[in-house]
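*Asks:* heads up, no residue letters with this:
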């Protein structure tokens, strides 16, 4: 029998006679909710019998006829033991129902709230995780750490005792991996062993908590929870090159011990709460960390995709911060937790203004300084143009090519090189539309605002997608180009990577095969303007840009939209001339350039036409412009950091969707919280059309409110999970009915209350956990304890844990002396990206370069790709959250660690390190290897066997063997 709530239990106390008829709300409604409503509620009620509403239960045609027991079909079924099926009502409950009908069947709150009480099939408002945190008193014990008191009490109840403390080498390796994700260095081990102070261990913990690598370790755990990936997923799976500032913000926030409630608030609404703080804006990368469908099709498909995206986001917020699977209520009331479908849509409305995209990180002071500098630069440029005006009719380009005269840059050093079928003729660069194009060396200066200009004669107006002139990163992953006919037949467009800055100009189509002058100007504010034959082409638009191309990391293509070569990216035609400007030309300047024609006045000719005084003034102005441009580039590099984060959308009005179907909208709902969290008001006082800022601010305050019992419980359980191998609740992101039950509920509540009381300090909680006697136990199994508690849920020993794939890779690099410990910044990629028919594919490889020797946290993490070694070691795909990682044991793991490219290369470096640090002495090399790999010296038998291996097969073989050892891969 399910356990009834206290209110109902009180109503069932035996008494000689009821002084009054049973109260409906306190006695009858709980009985019906517990015993009946799981089957008999709503439009899908079994047998058409809805017992949740008065008009369906009481009356002439209802299941209950007031005062007439024998005419009440409900009572007949109950009295006969047919309802509930399988097992009828107990006698005491039958008595309540009988008395209620006989006394007139007075109804109370209508309809009955099915979530009011917990049943054997679902959680109610009285579910354990939804109850307020009690006022916790420290347990009466002489034990120094309160955690140990709670654990010891449970062990005593089961006749168990804790294990002895682990040795110092085991402890330093365990806690160093736990707090930093890296192995201890030999020097750190020696220092800890030499410290005889009674608080030596506590001092070591404090040292690790202030390490910058602490934030990296725990950021990895958090990124698993929020399904952080660096591609969109779905069909296109485009890369997100600027997702990394969110990752870095998480690292910095954790290292700074940012209070966890603020940590959560900024991720939900940082751009609203602190709009001028670049960190707060980057924090909203949480909201868009998941997958994003960029192939939208029809309006109906877009609507479905948007609802799918909101479901994913609601699920992420609910599971990450509340431990509730709210997304399960999109199509119907939650089957197991007290969340209605209307609750889901109210919660989704809070997030309906979230949008995916890139935005610049704000820095008001730097922005003001840059604005002032840009004005100064424009003044110098105007002065330079005035000096040159007598000698040059049009604007001065940064690079210019007249292909009738050859491939050289007439304004600088960007000399083009023909590739494939490109031919230079007296008419210009002739391009075959199949393999031919021209390519320049990297640009020497950064490029942001710009103008691309060309004179071109097309071979065919039917071609679709050829690029005339393009600026791109060397791999073609980011580009801006003058493109013909790609999206609109016979029309010009601004081509860009995955159409990020591409919109229709709505300009006229080309009608004749004749030479044409075309130019695109990209303003600093993202506005893109098109020009044809010197006149504006169509209508300008504002895009998400412009792209900031770094010096040395961009190049110009002629006749190819972007690399790699192939497909419709090639242009069929003749490019007479092309120019690149490092600013957005005005309409008047474009007109002047067109009037000037494709020929360019050579530098020497300009100098020759100027007087000596003007030449001197020109030289001074050019020198000033060079210096100011260098300062501008430095400022833009600091200021121009872009982040893939929330780009707010108009949230609109939210309606409940019948069965989650966008074609069957029902009633409008206002943004609000969950009634299941009884200590907080679910009504935020927001109108259905409230702005996005108000919605997310209210959400952030509600989620992190001290009275929200889920918020602190879920957070402390996550830390426990990673320190002890299993959470007090074994499902870290599901505290609902289908999740685990707490093994130590009083301890969980005490930790949550302690967490809140200490200002949500994560480092305080870490310190509390890892300094406990429970954490410091040996991991050696004991037969008598295994019989009682094989899963170690009672914590009678430390649980051995396999390191995550990232920690294994980092430990291999550290042991080999290769690890680059630089914290933060753009990461590295061990994938080769290839694009086919608009879809990006990512093929793993093993780059042998210093940039790839950083911690695994900084690896590019595409969705749907095979991450090589890390895939074998259960590294999850970021398409979905991974609050608990799978841990498998497969032959592929041993093979990857034995003869994979990374393992072989790292083993060679490990061998080289051993030879450097113990040259020519196999015995000392083995001893050093054991300390680097296992944090301990070898036993005599291990030393003897390892020396034989080194002498027969070499040091690399030893490294491969140690990297494959269970002791290397696990923390005991």
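*Replies:* Great, that's in hand. As the structure is a prediction and not an experimental result, all values here were calculated from the model.
*Asks:* which stretches of the stretch 201-350 of the chain have low pLDDT?
*Replies:* Within the stretch 201-350 of the chain, no range satisfies pLDDT under 70.
*Asks:* apply 90 and report the result again.
*Replies:* Where the stretch 201-350 of the chain drops to pLDDT under 90, the residues are 294-299.
*Asks:* so how far is residue 624 from residue 617?
*Replies:* For residue 617, the distance to residue 624 equals 11 Å [Cβ to Cβ, to the nearest Å]. The C-beta positions use only the backbone N, C-alpha and C, and glycine is treated the same way.
*Asks:* geometric centre of this structure: which residue is closest?
*Replies:* Of all residues in the chain, the one closest to the mean position by Cα atoms, centre = their mean is residue 228, 2.4 Å from it.
*Asks:* and residue 168, how many residues sit next to it?
*Replies:* Residue neighbour count, defined by other Cβ atoms under 10 Å, stands at 16 for residue 168.
*Asks:* which strand or helix spans the residue nearest to it when sequence neighbours are not counted?
*Replies:* Computed as Cβ to Cβ, 6 or more residues apart in numbering, the closest residue to residue 168 that is not its neighbour in sequence is residue 193, at 5.8 Å. According to DSSP states H and E, residue 193 maps onto helix 186-194.
*Asks:* same deal with residue 383?
*Replies:* helix 364-388.
*Asks:* other SSEs contacting that helix?
*Replies:* Contacts defined by 3 or more Cβ pairs under 8 Å, 6 or more residues apart in numbering; DSSP states H and E place helix 364-388 against helix 612-639.
*Asks:* and the helix it packs on with helix 364-388, angle?
*Replies:* 160 degrees (axes from the mean of the first three to the mean of the last three Cα atoms, to 10 degrees).
*Asks:* what is the mean pLDDT for the next helix-or-strand element following helix 612-639?
*Replies:* From helix 612-639 onward toward the C-terminus, using DSSP H and E, the following helix or strand is strand 642-644. Strand 642-644 shows a mean pLDDT of 92.
*Asks:* next: stretch 741-751.
*Replies:* Mean pLDDT, computed over stretch 741-751, is 97.
*Asks:* who touches that stretch?
*Replies:* Identification of contacts with stretch 741-751 by Cβ atoms under 8 Å, 6 or more residues apart in numbering yields 128, 133-134, 136, 138-139, 146-147, 150-151, 154, 713, 716-717, 720, 728-730, 765, 768, 793-794.
*Asks:* go on, stretch 95-111?
*Replies:* Stretch 95-111 has contacts (Cβ under 8 Å, 6+ apart) with 11-12, 18, 21-25, 27-29, 31, 52-54, 57-58, 64-69, 72, 74-75, 78, 89.
*Asks:* what subset of those is buried?
*Replies:* By neighbour count, with 16 or more other Cβ atoms under 10 Å, those hold 11-12, 21-22, 24, 27-29, 31, 52-54, 57-58, 64-66, 69, 72, 74-75, 78, 89 as buried.
*Asks:* please enumerate the helices of the stretch 1-150 of the chain.
*Replies:* For the stretch 1-150 of the chain, helices defined by DSSP state H, counting those that start in this stretch occupy the ranges 6-11, 29-35, 54-57, 73-79, 91-102, 146-157.
*Asks:* out of those, which is the most enclosed?
*Replies:* Highest mean neighbour count of these: helix 29-35, a mean of 24 (counted as mean count of other Cβ atoms under 10 Å).
*Asks:* how far off centre is that helix?
*Replies:* In terms of Cα atoms, centre = their mean, to the nearest Å, the centre of helix 29-35 is set 42 Å apart from its chain centre.
*Asks:* what is that helix packed up against?
*Replies:* So helix 29-35, by 3+ Cβ pairs under 8 Å, 6+ apart, packs with helix 6-11, helix 91-102.
*Asks:* ranking the ones you listed by mean pLDDT, which is last?
*Replies:* Ranked by mean pLDDT, the helices and strands packed on helix 29-35 end with helix 6-11 at the bottom, a mean of 44.
*Asks:* which residues does residue 635 contact?
*Replies:* Residue 635 neighbours (Cβ under 8 Å, 6+ apart): 366, 369-370, 373.
*Asks:* do that again at 6 Å, thanks
*Replies:* For residue 635, the contact set (Cβ atoms under 6 Å, 6 or more residues apart in numbering) comprises residue 370.
*Asks:* that one and residue 471, how far apart?
*Replies:* Distance, residue 635 to residue 471, by Cβ to Cβ: 21 Å.
*Asks:* ends of stretch 339-359, how far apart?
*Replies:* 35 Å (Cα to Cα, to the nearest Å).
*Asks:* stretch 52-70 too?
*Replies:* In terms of Cα to Cα, the two terminal residues of stretch 52-70 are separated by 21 Å.
*Asks:* same question for stretch 597-613.
*Replies:* By Cα to Cα, one end of stretch 597-613 lies 29 Å from the other end.
*Asks:* now do it: distance to the chain's middle.
*Replies:* Relative to its parent chain, stretch 597-613 has a centroid offset of 54 Å by Cα atoms, centre = their mean.
*Asks:* nearest residue to residue 215 other than its sequence neighbours?
*Replies:* Among residues not flanking residue 215 along the chain, residue 255 sits closest, at 3.6 Å (Cβ to Cβ, 6+ apart).
*Asks:* what residues of the helix or strand where residue 310 lies count as buried?
*Replies:* Assessed by DSSP H and E, residue 310 sits inside helix 299-317. Using 16+ other Cβ under 10 Å as the test for burial, helix 299-317 gives 304-307, 309-317.
*Asks:* what packs against that helix?
*Replies:* Here helix 299-317 touches helix 341-350, going by 3 or more Cβ pairs under 6 Å, 6 or more residues apart in numbering; DSSP states H and E.
*Asks:* orientation of the helix it packs on relative to helix 299-317 in degrees?
*Replies:* Per the same axes, to 10 degrees, the angle that helix 341-350 makes with helix 299-317 is 90 degrees.
*Asks:* and the contacts of helix 341-350?
*Replies:* Residues outside helix 341-350 that contact it (Cβ under 6 Å, 6+ apart): 310, 314, 326, 329-330, 332-333, 654, 656, 669, 671-672, 674, 695, 699.
*Asks:* count of neighbours near residue 195?
*Replies:* Neighbours of residue 195 (other Cβ under 10 Å): 14.
*Asks:* quick one: secondary structure of the closest residue to it other than its chain neighbours?
*Replies:* Nearest residue to residue 195, sequence neighbours excluded (Cβ to Cβ, 6+ apart): residue 203, at 7.1 Å. At residue 203 the chain is in helix, as set by DSSP: H, G, I helix; E, B strand; the rest coil.
*Asks:* burial check on residue 203, number of neighbours?
*Replies:* When neighbours are counted by other Cβ under 10 Å, residue 203 registers 13.
*Asks:* go on, residue 671?
*Replies:* Residues near residue 671, counting by other Cβ under 10 Å, number 29.
*Asks:* check the one 4 residues further on too.
*Replies:* With neighbours defined by other Cβ under 10 Å, the count for residue 675 comes to 19.
*Asks:* that one contacts residue 340, doesn't it?
*Replies:* No. Contact between residue 675 and residue 340 fails when scored by Cβ atoms under 6 Å: they sit 8.0 Å apart.
*Asks:* among the contacts of helix 341-350, which one sits closest to residue 386?
*Replies:* Lowest distance from residue 386 to the contacts of helix 341-350 (Cβ to Cβ) belongs to residue 695, with 52.9 Å.
*Asks:* show me the contacts for that closest one.
*Replies:* Here residue 695 is in contact with 350, 671 (Cβ under 6 Å, 6+ apart).
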